[in-house]
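> sequence plus the predicted model coming up.
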Amino acid sequence: NGRENITLWRGTFYFAGRHDLFEKHMRLYYDAYLQPGIGHRENFRAQADIGIDFPVWKGVAFTTLYTFSHEHVVAQSIIQEDKILSFGITCNLKKR
């Protein structure tokens, strides 16, 4: 409708998980949420992430992550949908 700001209360439905596969040679992880607008059913947003880690050495892993986000009603000049695919290296340092 041309407004620059949208003020709205939202509820949140969230789930997440992580699974070790192939005798812990690969980790699959994911999370997602849905946020419907309270009192405005047509105004909702959603996001989902899914990633895979390939451990290579004590706390070091190659990783890839796919993120999808969608917002049904957006302010003017805001993108309604976004998709990101990223790759990298993770390092998990543990203090003993």
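Good, I have the coordinates.

> use CA for all of it now, contacts and neighbours both
Fine.

> is the most centrally placed residue in the chain bridged to anything, and to what?
By C-alpha atoms, centre = their mean, the mean C-alpha position of the chain lies nearest to Asp49, the distance being 3.3 Å. Listed by DSSP bridges, the beta-bridge partners for Asp49 are Asp31, Thr67.

> mind checking pLDDT for it?
Turning to Asp49, the model gives it a pLDDT of 97.

> now do the contacts for it.
By C-alpha atoms under 8 Å, 6 or more residues apart in numbering, the residues touching Asp49 are 30-32, 65-68.

> pull the most distant pair out of the residues you listed.
Spatially, the most separated pair among the contacts of Asp49 is Ala32 and Leu65, at 13.0 Å (C-alpha to C-alpha).

> re the thing from before, Provide a ChimeraX selection command restricted to the buried entries of the contacts of Asp49.
Buried residues within the contacts of Asp49, by 16 or more other C-alpha atoms under 10 Å, are selected in ChimeraX with:
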select :30,32,65,67
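
> in a markdown table, list the contacts of Asp49 along with pLDDT and distance to Lys95.
Formatted as a markdown table, the contacts of Asp49 follow (pLDDT from 0 to 100; distance: C-alpha to C-alpha, whole Å):
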| residue | pLDDT | distance to Lys95 |
| --- | --- | --- |
| Tyr30 | 97 | 26 |
| Asp31 | 97 | 27 |
| Ala32 | 97 | 30 |
| Leu65 | 96 | 26 |
| Tyr66 | 97 | 30 |
| Thr67 | 97 | 30 |
| Phe68 | 97 | 34 |
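
> lowest-pLDDT helix or strand in this structure?
Sorting the helices and strands of the chain by mean pLDDT, DSSP states H and E puts strand 40-57 at the bottom, at a mean of 90.

> dump the C-alpha coordinates for that one into CSV.
C-alpha atoms of strand 40-57 as CSV (Å, rounded to 0.1, in the frame of the first residue of the first chain):
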residue,chain,number,x,y,z
HIS,A,40,-3.6,-10.3,9.7
ARG,A,41,-3.5,-13.8,8.2
GLU,A,42,-2.2,-12.6,4.8
ASN,A,43,0.9,-11.0,6.4
PHE,A,44,3.3,-13.8,7.3
ARG,A,45,7.0,-14.5,7.0
ALA,A,46,8.9,-17.8,6.8
GLN,A,47,12.6,-18.9,6.8
ALA,A,48,14.3,-22.2,6.4
ASP,A,49,17.9,-23.2,6.6
ILE,A,50,19.5,-26.5,5.7
GLY,A,51,23.1,-27.3,5.9
ILE,A,52,25.7,-30.1,5.6
ASP,A,53,29.0,-30.4,7.4
PHE,A,54,31.8,-32.7,6.4
PRO,A,55,34.3,-33.1,9.3
VAL,A,56,37.9,-33.3,8.1
TRP,A,57,40.0,-33.0,11.3
